[in-house]
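[1] dropping a prediction and its sequence here:
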Amino acid sequence: MASINTLQASSSTSSRPHSYDVFLSFRGEDTRKNFTDHLYNTLVAYGIRTFRDDEQLQKGDDFKSGLSTAIQDSNLFLIIFSENYATSKWCLNELVKIIECTTTADDQDNRSVIPVFYHVQPRDVGHQSGSFQDAFLNHEKDADQEKKELIAKWRIALEKAAKLSGYHVDNQYEAEIIKKIREVIVTRLNRKPLYVGDNIVGMDFHLEHLKSMMKTERDDVYMVGICGIGGIGKTTMAMAIYNDISSQFDGCSFLRVDGETSNRGLLKLQKNLLRDTLKDQSIKIQDPSEGINEIKKTLCSKRVLIVLDDVDEIEQLNNLVGKDGWYGTKSIVIITTKDKSLLNHHGVDQFYDVKELNHEEAIELFNWWAFKQNIPRSKDFKDLSDCVVKYAKGLPLALKVLGGFLYDKSIDEWKSALKKLEKIPHMKVQNILQVSYDKLDDVEQEIFLDIACFFRGEDKDFVSRILGSDADIVIRVLQQRCLITISKNKLDMHDLLQQMGKEIVRKQCPKEAGKRSRLWDPIDVESMLTRNTGTETIKGLFIEISCSGQIQFSRDSFTKMNRLRLLKVYVQPWKYCDVDLPMDFELSSAELRYLHFWKYPLKSLPTNFHANNLVQLNLPGSNIKQLWKENEVLKNLKVIDLSYSRDLVEMPDFASVPNLEILNLQECISLESLPRNFHKLEHLRSLYCSRCSKLKSFPQIKGNMSKLREIDLSGTAIVEVPSSIEHLNGLKYFNLSWCENLVSLPISICNLRSLETLDVGSCSNLKELPSPIGHLKAL
């Protein structure tokens, strides 16, 4: 028959080794010296450990304990039903034991039964008709109650076995049937089902998707990557797909790579791969180079399934799955990894990004671990369960660990655990997630911590600009290693990865916040500032100002923080709180790259302020009148945001900020003009001056400002636009709405070939537009 439907235990596979691969059950007088003998010798020749009971064990028709042990220690059962099979109480008892072993609920071995109907009909076996009827009539003669119960068990076992698909030997060549049986058993034993754990939820969808990815008409080797953060279920998924499809291949191997990169480690993996796929324990290779040659030589014509679990170095792929020609046509290689760049580098055909469980799946998985059932054991636990599931954000690892931890605990213990989790993650979850962080280099770790502590949800370009020249490539590395995601150019990460990063920082000095590299928690920040315990360790400090005014700044609040790179003082949206600073306030860090200070209260920056490394200066709603007087050149400064700074009267010479890209002066109502050397800003991309109600003129464009893309002069007092505006040949957006003093536009504006938006709405004194403006194709 083309396929075999086997009777299997319902639970997952055990890793317990079996003494025998195959147990042969047969009636000796019918087949011992022909079919069974031929089959037995064929299996032995192929290295299949096969149990065949000796005739002399059957004397007295008592079921021996030794035979029962052999059944327990066998992986697969071949039952050869022949004409006189049912006449043997021994065979029938053997059958009952086999069926019990393969159907009992607590059996962990997932063992298979393959029936062979040797010159008998399956219906005669199942219905006990024909020769089987005659045998049972004989058994039932003078049967007492105990024997009647035993006979009932025999009938049930025969009925179950007869329903299985197997092989019918009638008029065919027995050698052909034996060949087919041998091929199926070899494939079946190569499968080696893997233990995928208990309480698996949401796996069907993943398996169907993976199998659909593997349906290909190509004749070469097909590689599929399974990617995701630690604890997302990559290994479980790989084991499940391995169990599901491995019987289709000539050889299979599931290798836990586990960080092996040494020659010794790679050699061990190569040996395991060859031994698994060839079923030959005598493989001898001396080094990885020899291993590569042996793999190519012995497996190039075999269709194999190879799974490499938890790959983290390209050397592992180069030494284990190589390139085209290593394996036979239509072989499949599955690779699980946290690092997508390895898959790209190795030319893997398709990736499968494992997503978090949805809410319903997460609830079900957690309940199985926390309550050993799919619903909470009482209504009191339901809300608490929802809190845990919300915290875990669909991460299977966290759901399992926390469910197991909370199992059989009281309501009060649950509440206590949840309160603790708000501050400190569970150690096991932390350790597993931190593996990915530990494999980053120093620069990558620093940027990951910056994102986790400060910049989750922020624009990627904004973050890259602030964090420096390495940030772009590092952000890509973090994305490839599944530590962050990018959607609509916003940086994001799983909640538990963010908590993992924050916990790494907290553990730098659990008792003293001022000795940690980054501070963001309002309680820690307030404690540090109140006691003035800040140190040079602090690199980043985000201070949320509360309207209740708990945080107080002194002259020396930041004096010791001479390595401070990132400083943000802010309030939550739609809250309007003032900040007090002493007049002699000092900010002395020469490493400062990012300064954001909401409603900065002083008229000027501190006298000891070092701006040489400053990349972005945000002082929205400040009392600043002017930034700096000196002719200091700040080559690193790219963004200035002084929006809503109502006292700002003038800007510094633009020659001091030659690389400025964004200038936001929105609603600076005291600002009357921009510096004449505006054209010096060759890198400027965006200028925002909306509602600068005293701004009457726009500077002449004298140089190359081809990077300028948008200008917003809406609501200003501007009277005219200079004719030199035509030199802004990259300008796409020009907003002049509500400019009530604007009388006309120069005809040169029609030379702005890139202009897409020109807004002159509510310009009450503007009577007409230059007639050629309609010829602008982009407008």
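    Ah, there it is. Numbers count the residues shown, from 1 in each chain.
[2] distance of residue 196 from residue 396?
    Applying CB to CB, to the nearest Å, the value for residue 196 to residue 396 is 12 Å. In short, each C-beta sits where N, CA and C put it, glycine included.
[3] cool, and residue 766?
    Counting by CB to CB, the gap from residue 766 to residue 396 is 63 Å.
[4] so for the two, which sits in the more crowded spot?
    A direct count of neighbours by other CB atoms under 10 Å for residue 766 and residue 396 places residue 396 higher, at 26 against 17.
[5] hmm, residue 232 and the more buried one touching each other?
    Yes - shown here, residue 396 and residue 232 form a contact pair, counting by CB atoms under 8 Å, at 6.6 Å.
[6] what touches both of residue 196 and residue 396?
    Common neighbours of residue 196 and residue 396 (criterion: CB atoms under 8 Å, 6 or more residues apart in numbering): residue 236.
[7] burial measure for residue 655, as a count.
    Number of residues near residue 655 (other CB under 10 Å) recorded here: 12.
[8] test my guess that it contacts residue 680.
    Yes - between residue 655 and residue 680 there is a contact under CB under 8 Å: 5.0 Å.
[9] which neighbours do residue 396 and residue 232 have in common?
    By CB under 8 Å, 6+ apart, no residue touches both residue 396 and residue 232.
[10] helix or strand with the lowest mean pLDDT in the chain?
    The weakest-scoring helix or strand in the chain, judged by mean pLDDT, DSSP states H and E, is helix 35-45 (a mean of 74).
[11] how far out from the middle of the chain is the following helix or strand past that helix?
    Next along the chain after helix 35-45, taking DSSP states H and E as the criterion, comes strand 50-51. Strand 50-51 sits 45 Å away from the centroid of its parent chain (CA atoms, centre = their mean, to the nearest Å).
[12] who does strand 50-51 pair up with?
    Strand 50-51 sits in its sheet next to strand 20-26 (parallel), going by DSSP bridges.
[13] and the average pLDDT for the strand it pairs with is what?
    For strand 20-26, the mean pLDDT works out to 90.
[14] buried stuff in whatever helix or strand comes next after it?
    Counting by DSSP H and E, the next helix or strand C-terminal to strand 20-26 is helix 28-31. Neighbour counts over helix 28-31 (16 or more other CB atoms under 10 Å) mark 28, 30-31 as buried.
[15] and the residue of the chain positioned farthest from its centre, which helix or strand is it part of?
    Going by CA atoms, centre = their mean, the residue of the chain most distant from its centre is residue 142, 68.0 Å out. Assigned by DSSP H and E, residue 142 belongs to neither a helix nor a strand.
[16] cool, residue 154 as well?
    Per DSSP H and E, residue 154 falls inside helix 145-162.
[17] which secondary structure elements does that helix contact?
    helix 89-103, strand 112-118, helix 122-127, helix 131-140 (3 or more CB pairs under 8 Å, 6 or more residues apart in numbering; DSSP states H and E).
[18] that one: what's the following helix or strand?
    Taking DSSP H and E, what comes next after helix 145-162 is strand 167-169.
[19] how long is stretch 526-537 end to end?
    For stretch 526-537, the separation between the terminal residues is 17 Å (CA to CA, to the nearest Å).
[20] list of residues touching the helix or strand harbouring residue 476?
    Assigned by DSSP H and E, residue 476 falls within helix 471-480. Outside of helix 471-480, the residues within contact range by CB under 8 Å, 6+ apart are 339-341, 344, 440, 443-444, 447-448, 451, 460, 463-465, 467, 484-486, 491.
[21] same deal with stretch 409-419?
    For stretch 409-419, contacts defined as CB under 8 Å, 6+ apart pick out 380-381, 384, 387-388, 391, 402, 405-406.
[22] let me know the closest of these to residue 456.
    Residue 456 has its nearest neighbour among the contacts of stretch 409-419 in residue 391, at 16.4 Å by CB to CB.
[23] show me what contacts the residue nearest the centre of the chain?
    For the chain, the residue nearest the mean C-alpha position is residue 228 (2.0 Å; CA atoms, centre = their mean). Contacts for residue 228 (CB under 8 Å, 6+ apart) come out as 234, 338, 353-355, 482.
[24] now render the residues you listed as JSON lines, adding distance to residue 619 and pLDDT.
    Formatted as JSON lines, those follow (distance: CB to CB, whole Å; pLDDT from 0 to 100):
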{"residue": "234", "distance to residue 619": "46", "pLDDT": "94"}
{"residue": "338", "distance to residue 619": "41", "pLDDT": "94"}
{"residue": "353", "distance to residue 619": "41", "pLDDT": "93"}
{"residue": "354", "distance to residue 619": "44", "pLDDT": "93"}
{"residue": "355", "distance to residue 619": "41", "pLDDT": "92"}
{"residue": "482", "distance to residue 619": "37", "pLDDT": "94"}
